[in-house]
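Asker: Sequence and predicted structure below; questions after.
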Amino acid sequence: MRLDNSEVEGLENPFLEEEVLAALTDLGKDKAPRLDGFTMAFWLFGWDVVKFEIMGFFREFHERGRFVKSLNATFLVLVPKKGGAEDLKDFRSISQVLIANEVVDSRLKSNQGGVMCKLDIEKANDHVGWKFLLDVLKQMGFGERWIKWIEWCISTIRYSVLINGSSSGFFQSSRGLRQGDPLSPYLFVIAMEVFSCLMRRAISGGFLSGWRAGRGGEGILISHLLFADDTLVFCEESQDQLTYLSWLLMWFEACSGLKVNLEKSELIPVGRVNDIEDLALELGCKVGGLPSSYLGLPLGAPFKSEVVWDSVEERFRKRKVRMRLEKIQRDFLWGGGALDQRPHLVRWNLVCLERKKGGLGVRNLALMNKALLGKWNWRFASESEALWKQVISHKYGVEEGGWCTRAERGRHGVGLWKAIRKEWLGMYSSLAFRVGNGRRVRFWKDKWCGDEPLYESFPSLFAISRFMLKIQAFRVQRENEDKMVWTTSRSGVFSVKSLYSTLEPGGSALFPYVGIWRACVAPKVAFFAWEASWGKILTLDQLQRRGYSLANRCFLCLAEAETVDHFLLHCVMTRPLWNLLFSLFGVEWVLFGTVKETLLGWHGAFVGKIRKKAWQMAPLCIF
């Protein structure tokens with residue numbers, strides 16, 4: 001792969017203020033990249049003041065190709081390996097997992113044996129050779145100025161080890177990429193492109209074969225998958241192929257400095273494989289088995305298997321996936337942050353509704369799963385050259401227009417796409433099509449002209465005039481490709497959030513979500529008001545409904561039955577608080593019968609802008 005001239009020029013253009021600001025915004029706000037401790041939030045807050053000096057620094061770097069070496073100083077701290085992923089950057093490319101599972105599924109269904117090499121690259125970032133990396137950049141067509149910038153950035157790094165919070169001098173490295181540097185992942189991918197090039201040459205020379213993802217031995221050829229330093233190589237059960245692979249790994253180590261740790265690598269048999277121990281001995285690694293994992297997710301696991309999801313589910317607790325996780329959510333919500341067994345006051349389906357529908361906006365896991373699967377169908381229709389789409393298209397075939405694959409009616413196996421494809425029908429009602437050159441949109445069956453397909457609008461073509469009016473309203477744009485449009489968003493682009501909203505059932509038509517969630521009160525106060533609006537506080541009448549044998553008498557007035565509305569609004573001991581509030585604001589007010597109605601009718605335009613915020617907070621504070 002080589003860059004063209006326009007790409008090279010684009011990389012070496014002067015740095016724009018918008019680009020620098022966007023880069024700062026993308027970094028973690030609480031991160032302090034320099035030794036002075038100033039965080040990204042500080043630089044963003046004072047951008048209007050510091051931008052002139054910062055842009056001057058970038059102009060100087062663009063012209064001279066260097067900066068003060070002290071800017072590249074780095075502290076090293078010994079920390080334990082991370083037990084669980086918390087940030088988005090911790091999660092891996094799900095596309096690779098999909099491809100890997102579909103390739104394994106095709107191999108199993110073909111009744112052919114094969115081996116999958118799961119390689120572990122030893123201390124990947126630390127061992128990349130600088131000269132090797134710069135030579136690769138040159139071979140790929142990067143400009144001289146850009147290569148000099150990269151050389152300066154990676155070669156001027158100095159490290160200091162922190163021991164008990166104190167540094168002990170600086171030292172310089174002779175190879176490797178700095179971990180945590182936003183530039184390092186891109187440079188590592190460029191380094192691994194050499195491995196891909198070696199694999200392609202081995203395939204074209206007949207030394208390695210790869211596997212086909214498709215039916216009957218046909219389909220797209222997949223030889224290996226890379227994501228950072230996580231590598232899968234697909235081979236036949238051939239001692240010769242594994243010998244060639246071991247040579248290839250040695251050549252790659254010799255030129256790049258990246259060494260495969262064979263002690264941690266695995267040779268995984270797929271299908272019926274004879275003499276797997278001898279094959280593993282040839283490569284020098286241990287024998288693994290299916291199901292395994294790739295990028296932290298199951299690989300080659302039977303569909304809907306519960307056991308393989310333990311590694312994902314154990315972040316909460318172990319057992320059945322969705323129901324168990326929802327129980328943990330419920331216990332956490334009603335247990336005050338602890339997983340204690342306490343009464344669940346509001347039905348979970350109400351809790352999962354949007355706030356404006358009367359819920360808390362907690363995601364329903366079943367609906368969220370459908371929405372996430374729906375995103376894959378959108379990606380299939382929208383992306384054109386992605387490798388994972390090519391694999392799926394060759395394996396399952398595509399329907400007319402190419403918006404989705406054919407429905408799969410065979411057994412599940414270990415592939416993932418069959419379950420994903422099922423969600424296409426659920427999201428189809430929210431799709432429309434924008435006509436470009438007209439090559440993909442189906443004239444009668446796709447919803448491109450009006451709110452329904454033409455075959456439903458004109459079953460007998462009796463309304464020919466209306467039909468012609470609709471047709472004449474559109475103009476074919478031959479220079480544009482046909483597009484699929486997501487009708488539930490203004491931009492026409494799919495989002496998991498919008499699909500989730502269409503799947504979510506309707507809630508209360510009238511609910512005081514604005515008065516509860518937009519008032520300037522603590523979340524705990526707003527949550528209590530939300531419970532009260534649904535009448536789910538543990539007053540005596542609620543305890544009676546839950547089976548407790550108690551006399552229902554308000555403990556404040558000792559006269560009326562204790563209900564949520566009586567206790568918070570109408571009790572003779574509570575009313576003086578409301579009267580005091582109304583007198584402070586100088587208003588006469590009649591409370592409604594229920595908490596929900598009271599909050600719905602709590603308007604404050606008449607109290608003036610200055611006191612409006614206090615007026616909106618007042619009922620929640622009294623509660």
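Answerer: Perfect, I can see it now. The structure displayed is predicted, hence computed values, not measured ones.

Asker: Just the element for Asn349, please.
Answerer: Using DSSP states H and E, Asn349 maps to helix 348-351.

Asker: Distance from that helix to the middle of the chain?
Answerer: Centroid displacement of helix 348-351 relative to its chain, using C-alpha atoms, centre = their mean, to the nearest Å, is 24 Å.

Asker: Other residues contacting that helix?
Answerer: Glu326, Arg330, Leu333, Gly358, Gly359, Leu360, Val362, Asn364, Pro505, Gly507, Trp534 (C-beta atoms under 8 Å, 6 or more residues apart in numbering). For glycine as for every other residue, the C-beta is placed from the backbone atoms N, C-alpha and C.

Asker: Give me the residue ranges of the stretch 451-600 of the chain where confidence is low.
Answerer: Residue ranges of the stretch 451-600 of the chain with pLDDT under 70: 461-469, 507-509.

Asker: Ok, the chain next?
Answerer: In the predicted model of the chain, residues 31-37, 69-93, 159-172, 216-217, 303-321, 336-341, 410-414, 461-469, 507-509, 604-605 satisfy pLDDT under 70.

Asker: immediately after the helix holding Asn349, which helix or strand?
Answerer: Counting by DSSP H and E, the element after helix 348-351 in chain order, helix or strand, is helix 365-382.

Asker: which one's the longest helix in this structure?
Answerer: What stands out as the longest helix in the chain, according to DSSP state H, is helix 184-204.

Asker: Name the surrounding residues that touch that helix.
Answerer: For helix 184-204, the external contacting residues (C-beta under 8 Å, 6+ apart) are 1, 124-125, 128, 132-133, 136-137, 140, 150, 154, 177-178, 208-210, 221, 223-224, 226, 228-229, 231, 233, 244-245, 248, 251-252, 255-256, 258.

Asker: So which of those residues sit within strands?
Answerer: Per DSSP state E, strands hold the following members of those: Leu221, His224, Leu226, Thr231, Val233.

Asker: got a list of what Lys356 touches?
Answerer: Phe511, Tyr513, Val514.

Asker: of those, closest to Ile99?
Answerer: Distances from Ile99 to the contacts of Lys356, taken as C-beta to C-beta, are shortest for Tyr513 (42.5 Å).

Asker: Give me the domain ranges for this protein.
Answerer: If you go by automatic domain parsing, the domain ranges for the chain are 1-64, 94-126+183-299, 367-430+488-503, 513-622.

Asker: that older thread, mind listing what's buried in the helix holding Asn349?
Answerer: Using 16 or more other C-beta atoms under 10 Å as the test for burial, helix 348-351 gives Leu350, Val351.

Asker: Burial check on Val260, number of neighbours?
Answerer: 24 (other C-beta atoms under 10 Å).

Asker: What residues are recorded as beta-bridge partners of it?
Answerer: Ile121 (DSSP bridges).

Asker: quick one: contacts for it?
Answerer: Val260 makes contacts with Leu119, Asp120, Ile121, Glu122, Leu249, Glu253, as judged by C-beta under 8 Å, 6+ apart.

Asker: give me that answer again for 7 Å
Answerer: Leu119, Asp120, Ile121, Glu122, Leu249 (C-beta atoms under 7 Å, 6 or more residues apart in numbering).
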